[in-house]
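Asks: 3D model of this:
(one chain, ligands or ions: 3)
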Amino acid sequence: MKFGGTSVAGPDAIDRVCRIIGARAARRPVVIVSAMGKTTDLLLACLAGPTSACRTALASVRDCAAKAAEALLGERAAGDFLSSLDRILRDATELAERLRSRGRPQAPCTDLDALLACGERISSRLVAAALQRRGLDAAHLDARELFVTESRPGGAAVDIEPTRGRLREVALPLVESGRVPVMGGFIARDSTGAPTTLGRGGSDYSASLAGAALGAQEVQIWTDVDGVMTADPSLVASARSLPLLSMREASELAYFGGRVLHPATMLPAVRDGIPVRVLNSMRPEARGTLIVKDAPDSGPVVKAVVYKESIILIDIHSTRMLMAHGFLARIFDVFDRHETPVDMVSTSEVSVSLTVDRPEAVNAILADLQSFAQVQATTGKAIVCVVGEGIRYTPGIAARVFQALRGVRVRMISLGASRVNVGFVVDEHHLKGCVRSLHSTFFEREGPGVSRG
Ligand code: ADP
Ligand code: ASP
Ligand code: MG
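Replies: Ligands and ions are numbered 1, 2, ... in the order given. As a prediction, the model looks like this:
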């Protein structure tokens, strides 16, 4: 059971979480929590602006956790928690000072990972203590001792086998003896013991890794909305919750920006066929979304409209390379060397367009590409993507997509290789309009989605 930031944002939210876990204790849960509320953003914020702003940010991290502890825990447990809290905040202060004394303090590095890890170190201790206060035999585990990754600051790939081994060795005996392990998501270590993270929003991935490693019946992602919805409800007021999704659909949706799931969440679940349920901690009785390997072939053709902002479009042009073999290999070799993933690609005989979402390496990539092609990079783009298994079988989806995008300059389009998505690139300032227009086309004009004809 993974609880996101809003689900553990304060005493009332944590109290609700304790009740949710308590009511499911017979299913032998393992609990993973994110940092409280906006803690991770605050930890990042303490690297920008003057020293006083840094102090204010850390003080509000402390305030939030200390107030929750006072409301949730008895005097003794609150005292124990507050001394852990102060120890963690001393680490945070030291790390922030060290980072601030360098140029570009927010650039990925081990100290930054260690600083961001403070949020989950705090929240996991607090939730474990709150569960104990409510009579559950919770055991706090330090996720950094369990999750092993490669050595890449800012979001590292997990070493599956050692992580699986550690989780089974440490968490499984606790579960088997009737205890409830509680740990932070997102945080990990590399094989040398240096702190790492799984990247922003990575607690979902921690949860699915743990679920797969421990052979869970189900991975539950508890968040602040009624499951996966037809669109981001903060953008489209009429978005609806989806009762059922296939793993393919959920993977595409997460990959192309549906923030409700971290892009890697579905990987362990897909490999081991473990169902994932997305639920609302504010409304535990709501049905939420069940994600299964092969969802029955029914329901709406299009399931959701998702988006990803801050995309950089790179156009590569070379008449010299016209029809030459090896051109694409050469291009992708550049991206590989700069360790930059490519999200979307489209090609013509003399040009290739692709998108990336990491600005850090773009200048170096452009310099390398310019040695054999004309290159242009444009920032301020967004990817919008329409996802649904039915897209594979249903003619006319692309036509309806284009109809919805009338008047918008589409820079690139792709029918995803899995054929469960149609994605395209637009200017960021057209994003909201595009998402709303597509949502209205597929979900509002014809009642509950578009039925397969
Ligand atoms: P958590 O802190 O629980 O991990 P996140 O903020 O990471 O929560 O993800 C939940 C948010 O994702 C929702 O509040 C919603 O605004 C956003 N979101 C974006 N796309 C979708 C979608 N298709 N369905 C549901 N929520 C979405
Ligand atoms: N706390 C981390 C973040 O805000 C990880 C997570 O919430 O999943 O990105
Ligand atoms: Mg999240």
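
Asks: what is the residue of the stretch 351-453 of the chain at minimum distance from ligand 1 paired to in the beta sheet?
Replies: Nearest to ligand 1, among the residues of the stretch 351-453 of the chain, is V387, at 9.0 Å (Cβ to the nearest ligand atom). (Glycine included, C-beta is placed from N, CA and C.) Beta-bridge partners of V387, counted by DSSP bridges, are A304, N421.

Asks: What pLDDT is listed against it?
Replies: Turning to V387, the model gives it a pLDDT of 95.

Asks: so how far is L438 from it?
Replies: Distance, V387 to L438, by Cβ to Cβ, to the nearest Å: 11 Å.

Asks: Identify the contacts common to these two.
Replies: V305 (Cβ atoms under 8 Å, 6 or more residues apart in numbering).

Asks: which of these two has more neighbours?
Replies: The neighbour count for V387 versus L438, taken as other Cβ atoms under 10 Å, is higher for V387 (29 against 26).

Asks: Strands of the stretch 51-200 of the chain, start to end?
Replies: Listed in chain order, the strands found in the stretch 51-200 of the chain under DSSP state E, counting those that start in this stretch are 138-140, 148-149, 180-184, 187-190, 195-197.

Asks: residues contacting whichever residue of the chain sits closest to ligand 1?
Replies: Residue nearest to ligand 1 within the chain (Cβ to the nearest ligand atom): G4, separated by 1.8 Å. Taking Cβ under 8 Å, 6+ apart, we find G4 in contact with 34, 203-204, 221-224, 281.

Asks: mind running it again at 6 Å?
Replies: Listed by Cβ atoms under 6 Å, 6 or more residues apart in numbering, the contact set of G4 reads 34, 223.

Asks: Check the spacing between it and A117 real quick.
Replies: Using Cβ to Cβ, we find G4 at a distance of 17 Å from A117.

Asks: do G155 as well
Replies: Using Cβ to Cβ, G155 is found at 13 Å from A117.

Asks: more crowded one of these two?
Replies: Ranked by neighbour count (other Cβ under 10 Å), G155 and A117 place A117 first, with 27 against 19.

Asks: how many other residues sit next to the residue nearest to that one when sequence neighbours are not counted?
Replies: Computed as Cβ to Cβ, 6 or more residues apart in numbering, the closest residue to A117 that is not its neighbour in sequence is I187, at 4.2 Å. For I187, the neighbour count with other Cβ under 10 Å is 29.

Asks: now G257
Replies: 22.

Asks: any low-confidence regions in the stretch 201-350 of the chain?
Replies: 297-298, 321-323 (pLDDT under 70).

Asks: Tell me the residues of it that contact ligand 2?
Replies: 201-203 (Cβ under 6 Å from any ligand atom).

Asks: excluding its backbone neighbours, what's nearest whichever residue of the chain sits closest to ligand 3?
Replies: Residue of the chain nearest ligand 3, by Cβ to the ion: G201 (4.2 Å). Among residues not flanking G201 along the chain, H262 sits closest, at 4.4 Å (Cβ to Cβ, 6+ apart).

Asks: In three-state terms, label that neighbour for me.
Replies: Using DSSP: H, G, I helix; E, B strand; the rest coil, the structure places H262 in coil.

Asks: quick one, longest helix in the chain?
Replies: What stands out as the longest helix in the chain, according to DSSP state H, is helix 75-100.

Asks: Rounded mean pLDDT for that one, please.
Replies: Mean predicted lDDT for helix 75-100 stands at 97.

Asks: Give me the phi and psi for the residue nearest to G201.
Replies: Main-chain torsions, H262, degrees, to the nearest 10: phi -60, psi 140.

Asks: got a winner among the residues of the stretch 201-350 of the chain next to ligand 2 for most neighbours?
Replies: With neighbours taken as other Cβ under 10 Å, the top of these is S203, carrying 30 neighbours.

Asks: right, and that one touches V31 too?
Replies: No. Using Cβ atoms under 6 Å as the test, S203 is too far from V31 to be in contact (11.2 Å).

Asks: List the buried residues for stretch 90-101?
Replies: For stretch 90-101, burial by neighbour count (16 or more other Cβ atoms under 10 Å) applies to 92-93, 95-96, 99.

Asks: The residue nearest to P11 when sequence neighbours are not counted: neighbouring residues, count only.
Replies: In this structure, P11 finds its nearest non-sequential neighbour in A71, 3.7 Å apart by Cβ to Cβ, 6+ apart. A71 is flanked by 14 other residues according to other Cβ under 10 Å.

Asks: Same question for M282.
Replies: By other Cβ under 10 Å, neighbour count at M282 equals 16.

Asks: before we move on, which element is it in?
Replies: Under DSSP states H and E, no helix or strand contains M282.

Asks: Grab the nearest non-local neighbour of it.
Replies: Leaving aside its sequence neighbours, M282 sits nearest to D224 (Cβ to Cβ, 6+ apart; 6.2 Å).

Asks: and that neighbour, how far is that from S234?
Replies: According to Cβ to Cβ, D224 stands 10 Å off from S234.

Asks: higher neighbour count, those two?
Replies: D224 (16 against 9).

Asks: which parts of the stretch 51-200 of the chain sit against ligand 1?
Replies: Within the stretch 51-200 of the chain, no position lies close to ligand 1 (Cβ under 6 Å from any ligand atom).

Asks: Over to the stretch 251-400 of the chain?
Replies: Going by Cβ under 6 Å from any ligand atom, the residues of the stretch 251-400 of the chain near ligand 1 are 258-260, 304, 306.

Asks: What remains of the residues you listed if I keep only buried residues?
Replies: For those, a burial check counting by 16+ other Cβ under 10 Å picks out 258-260, 304, 306.

Asks: Can you name the two of those residues that sit furthest apart?
Replies: Farthest pair in these (Cβ to Cβ) is R259 and A304. Separation: 12.0 Å.

Asks: List the backbone torsions phi and psi for L73.
Replies: Main-chain dihedrals, L73, degrees, to the nearest 10: phi -110, psi 160.
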